[in-house]
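Participant: Sequence and predicted structure are below.
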Amino acid sequence: VTGPGRGDATGPVVGVVGGGQLARMLAEAASPLGVHLRVLAGPGDEGAPEVVADTVTGAADDEAALRSFAAGVDVLTFDHENVDHGVLRRIESAGTPVRPGVATLEFSDKAHQRRAFDAAGLPVPPYSVVDPVADRAAATVTAVAFADAHGGGLVAKASRGGYDGRGVWMLSSSEVADFVADYDGAPLVLEPRLDLRCEVAVLVARRPSGEVRTWPVLETVQVDGMCDEVLLPAPVEPALAERAGEVAGRVAEVTGAVGVLAVELFVVVDGDGPTVLVNEIAPRVHNSGHLTIEGCRTSQFEQHLRAVLDWPLGPTDATAPAAVMANVVGVAGVDPRRRQELALAEVPEAHVHLYGKTPRPARKIGHVTVLGDDLPAVRRRAGLAADLLSGAVEGSGA
Ligand SMILES: Nc1ncnc2c1ncn2[C@@H]1O[C@H](COP(=O)(O)OP(=O)(O)OP(=O)(O)O)[C@@H](O)[C@H]1O
Ligand SMILES: [Mg+2]
């Protein structure tokens with residue numbers, strides 16, 4: 001297989017599979033480091049192609065395209081993980097490091113995650129895995145028994161292919177049997193609907209030679225199953241923050257992660273007080289970490305590049321007493337690319353990140369980060385800037 005080669009790149013070439021906003025922000029971090037970033041963008045991808053000069057168009061599920069792309073880079077990494085693992089193994093055998101590796105990418109599957117974390121003694125919610133497509137009768141019996149055992153509401157999650165709350169269904173116990181009877185996707189993880197005190201995320205970076213850095217614990221606020229805001233510091237006591245960091249470090253070990261890994265945790269209260277449970281992980285840079293760009297001494301994007309290149313990692317401490325990220329979510333008929341001036345007029349301290357994506361309802365098309373001293377005030381400012389950009393609210397001068 002012959003690839004595009006190194007072209008005129010002098011520094012290391014990092015290849016990114018997928019051309020969305022994560023690739024775009026990796027490119028923004030690569031530039032000052034003198035790292036040459038090359039993106040393999042799918043034909044419909046928006047985000048990276050607009051700003052990454054070295055964008056190659058090709059489908060991530062086209063083996064020839066992927067192998068040819070990989071042959072010309074020093075290390076291969078990901079904007080998304082919808083890639084055939086067999087192809088990635090062949091790419092590794094052909095000599096291009098794939099980071100994170102296939103064993104870590106397997107953890108994109110929620111059923112695999114649950115089982116592996118449970119087996120490793122990590123705290124996870126009660127769960128059951130059923131496969132209605134393989135055996136509908138058995139799946140129904142198991143699901144109904146699980147619902148009876150736990151009472152109250154249930155959450156069913158597609159083990160693969162879900163994101164932003166797509167692939168997550170909140171069910172009452174009486175709906176379970178019908179749901180399983182009609183469902184025809186990937187195996188389901190079932191869990192009780194938990195009473196969450198809040199949700200937090202811990203980002204961890206690990207390099208192949210073993211160095212690990214963990215960012216401060218972040219609070220993630222979800223609306224309709226989708227991350228809406230991220231707050232630093234998270235409203236958890238020091239002992240719980242320490243526990244969350246420990247759990248995330250163990251997750252990085254268990255998954256053998258290289259690069260950035262995001263660990264989403266539920267904070268629940270049990271007999272002994274508040275504690276954390278691992279909800280899910282993502283083996284890559286993640287929406288919960290966007291505020292690290294301005295809010296921490298090393299951003300998740302720079303750290304990911306350093307980690308996959310096996311370079312020394314940077315400090316992760318917060319740069320301000322408070323930082324809040326608010327997502328800019330699409331509103332029909334409004335384009336934030338015509339609303340920057342309006343938003344900045346009202347919130348001049350906003351760090352605006354628009355991804356160059358066509359607005360569609362419920363689609364994440366940008367985010368805003370605001371830093372300051374007082375978390376509630378910072379949160380209001382970030383929310384206002386995001387709403388002005390998305391068109392959810394009009395400006396006072398409009
Ligand atoms: N067992 C549960 N109990 C209560 N709420 C839950 C439960 N499972 C999920 N949720 C809510 O639904 C949200 C989405 O669930 P999850 O993180 O599994 O799905 P996702 O679609 O993969 O998420 P993402 O938005 O991170 O892509 C969680 O952040 C949480 O707010
Ligand atoms: Mg999630």
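Facilitator: Everything's here; your move. What you see is a predicted model, and the numbers here were worked out from it, not measured in a lab. Ligands and ions are numbered 1, 2, ... in the order given.

Participant: which bits of the stretch 151-300 of the chain sit near ligand 1?
Facilitator: Contact residues (Cβ under 6 Å from any ligand atom) of the stretch 151-300 of the chain with ligand 1: 155, 157, 162-165, 167-168, 191, 193-194, 196, 199, 222, 225-227, 264, 279-280. For the C-beta atoms, the positions are set from N, CA and C on the backbone; glycine is no exception.

Participant: Quick one, which of the residues you listed are buried?
Facilitator: Among those, the ones that count as buried by 16 or more other Cβ atoms under 10 Å are 155, 157, 162, 164-165, 167-168, 191, 194, 199, 226-227, 264, 279-280.

Participant: what's the closest of these to Leu26?
Facilitator: Closest to Leu26 out of those is Cys227 (19.0 Å), distances taken as Cβ to Cβ.

Participant: Could you give me the buried positions within the top strand by length along the chain?
Facilitator: Using DSSP state E, we find that the single longest strand of the chain is strand 259-270. Neighbour-count burial for strand 259-270 flags Gly259, Val260, Leu261, Ala262, Val263, Glu264, Leu265, Phe266, Val267, Val268 (criterion: 16+ other Cβ under 10 Å).

Participant: from those residues, which is closest to Ala60?
Facilitator: Nearest member of the buried residues of strand 259-270 to Ala60, counting by Cβ to Cβ, is Gly259, at 17.3 Å.

Participant: Return the distance of the closest one relative to Phe301.
Facilitator: Between Gly259 and Phe301 the computed distance is 11 Å (Cβ to Cβ, to the nearest Å).

Participant: Residues that sit against both of the two, list them.
Facilitator: Each of Val285 lies in contact with both Gly259 and Phe301 under the rule Cβ atoms under 8 Å, 6 or more residues apart in numbering.

Participant: Get me the contact residues on the stretch 1-150 of the chain for ligand 1.
Facilitator: So the stretch 1-150 of the chain meets ligand 1 at Pro125 (Cβ under 6 Å from any ligand atom).

Participant: Helices of the stretch 1-150 of the chain, start to end?
Facilitator: 21-33, 63-71, 85-93, 102-105, 110-119, 136-150 (DSSP state H, counting those that start in this stretch).

Participant: Residues in contact with stretch 40-51: which ones?
Facilitator: 15-24, 27-28, 39, 55-60, 65-66, 69, 79, 355-358.

Participant: just to revisit the earlier point, can you add distance to Ala119 and pLDDT and give the buried residues of strand 259-270 back as JSON lines?
Facilitator: JSON lines is the format used below for the buried residues of strand 259-270 (distance: Cβ to Cβ, whole Å; pLDDT from 0 to 100):
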{"residue": "Gly259", "distance to Ala119": "24", "pLDDT": "98"}
{"residue": "Val260", "distance to Ala119": "24", "pLDDT": "98"}
{"residue": "Leu261", "distance to Ala119": "18", "pLDDT": "98"}
{"residue": "Ala262", "distance to Ala119": "21", "pLDDT": "98"}
{"residue": "Val263", "distance to Ala119": "17", "pLDDT": "98"}
{"residue": "Glu264", "distance to Ala119": "19", "pLDDT": "98"}
{"residue": "Leu265", "distance to Ala119": "18", "pLDDT": "98"}
{"residue": "Phe266", "distance to Ala119": "19", "pLDDT": "98"}
{"residue": "Val267", "distance to Ala119": "23", "pLDDT": "98"}
{"residue": "Val268", "distance to Ala119": "21", "pLDDT": "98"}
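
Participant: in the stretch 201-350 of the chain, what residue is nearest ligand 1?
Facilitator: Gln222 (3.8 Å; Cβ to the nearest ligand atom).

Participant: Sheet-wise, list the partners of the strand or helix carrying that residue with their directions.
Facilitator: Element membership for Gln222 (DSSP states H and E) is strand 218-223. Using DSSP bridges, the strands paired with strand 218-223 in its sheet are strand 198-206 (antiparallel), strand 226-232 (antiparallel).

Participant: Leu194 contacts Pro125, correct?
Facilitator: Yes: if you go by Cβ atoms under 8 Å, Leu194 and Pro125 touch, sitting 6.0 Å apart.

Participant: Between the two, which contacts overlap?
Facilitator: Joint contacts of Leu194 and Pro125 (Cβ under 8 Å, 6+ apart) are Phe266, Leu277.

Participant: centroid residue for the protein?
Facilitator: Using Cα atoms, centre = their mean, the residue of the chain that lies closest to the mean C-alpha position is His286, 3.0 Å off.

Participant: which ones are touching that residue?
Facilitator: So His286 contacts Ala201, Leu203, Val260, Ala262, Gln300 (Cβ under 8 Å, 6+ apart).

Participant: Let's see that with 6 Å instead.
Facilitator: Shown in contact with His286 (Cβ atoms under 6 Å, 6 or more residues apart in numbering): Ala262.

Participant: go on, Val331?
Facilitator: So Val331 contacts Ser390, Gly391, Ala392 (Cβ under 6 Å, 6+ apart).

Participant: which stretches of the stretch 1-150 of the chain have low pLDDT?
Facilitator: Applying pLDDT under 70 to the stretch 1-150 of the chain flags residues 1-5, 8.

Participant: Relative to Phe146, how far out is the residue of it found nearest ligand 1?
Facilitator: Closest to ligand 1 within the stretch 1-150 of the chain is Pro125: 5.5 Å, counting by Cβ to the nearest ligand atom. Taking Cβ to Cβ as the measure, Pro125 and Phe146 are separated by 12 Å.

Participant: One more: Leu354?
Facilitator: For Leu354 relative to Phe146 (Cβ to Cβ), the value is 43 Å.

Participant: for Thr292, same thing?
Facilitator: 37 Å.
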